[in-house]
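1. Here is a sequence with its predicted model. Questions after.
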Amino acid sequence: MGVAELVGGLAENPYFGAGFGLIGIGTGLAMVKVAWRQGLVVARRQLLVSLEIPSRDRSYGWVLQWISKQNTFGVGGAGRGLQ
């Protein structure tokens, strides 16, 4: 029994082929998962902005007022929408 016969026999075996199919699907899904996570990291780095305004700044009061108006998901704010 040669190597060619062994490989030919495995290629014709439906269980062996199904196993390789499942391995391929699992590998593909794992690659999609990694790509999705990396895409989220890139989007987070590109789209989010960090801002620090000290309390001594003249615009501090205005920013606090603006943030409190934008809070639509806080207590009692559901369904109010952005204004």
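-> Right, received. Where do you want to start?
2. Give me the longest helix you can find in the protein.
-> When the chain is parsed with DSSP state H, its longest helix is helix 14-47.
3. Tell me the helix or strand right after it.
-> Elements were assigned by DSSP states H and E; along the chain past helix 14-47, the next helix or strand is helix 60-70.
4. What pLDDT does the model give residue 72?
-> What the model reports as pLDDT for residue 72 is 66.
5. again, but for the one 4 residues further on
-> In this model, residue 76 is scored at 55, pLDDT.
6. List of residues touching the helix or strand bottoming out on mean pLDDT in the chain?
-> Least confident helix or strand, the chain: helix 3-12 with a mean of 79, by mean pLDDT, DSSP states H and E. Counting by C-beta atoms under 8 Å, 6 or more residues apart in numbering, the neighbours of helix 3-12 from elsewhere in the structure are 16, 17. Any C-beta I mention is one placed from the backbone N, CA and C, and that applies to glycine too.
7. how does it look with 10 Å?
-> Under the contact criterion C-beta atoms under 10 Å, 6 or more residues apart in numbering, helix 3-12 has outside partners 1, 2, 16, 17, 20.
8. Just send those back as JSON lines, with neighbour count and pLDDT too.
-> Formatted as JSON lines, these follow (neighbours: other C-beta atoms under 10 Å; pLDDT from 0 to 100):
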{"residue": "1", "neighbour count": "6", "pLDDT": "64"}
{"residue": "2", "neighbour count": "7", "pLDDT": "80"}
{"residue": "16", "neighbour count": "12", "pLDDT": "79"}
{"residue": "17", "neighbour count": "12", "pLDDT": "78"}
{"residue": "20", "neighbour count": "11", "pLDDT": "83"}
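9. Could you list the buried residues of the least confident helix or strand of the chain?
-> By neighbour count, and taking 16 or more other C-beta atoms under 10 Å as the criterion, helix 3-12 has no buried residues at all.
10. what about residue 53, how many neighbours?
-> 13 (other C-beta atoms under 10 Å).
11. Tell me who's in contact with it.
-> Contact partners of residue 53, counting by C-beta under 10 Å, 6+ apart, are 59, 60, 61, 62, 63, 64.
12. which one among the residues you listed gets closest to residue 32?
-> Taking C-beta to C-beta as the measure, residue 32 sits nearest to residue 63 out of the contacts of residue 53, at 40.0 Å.
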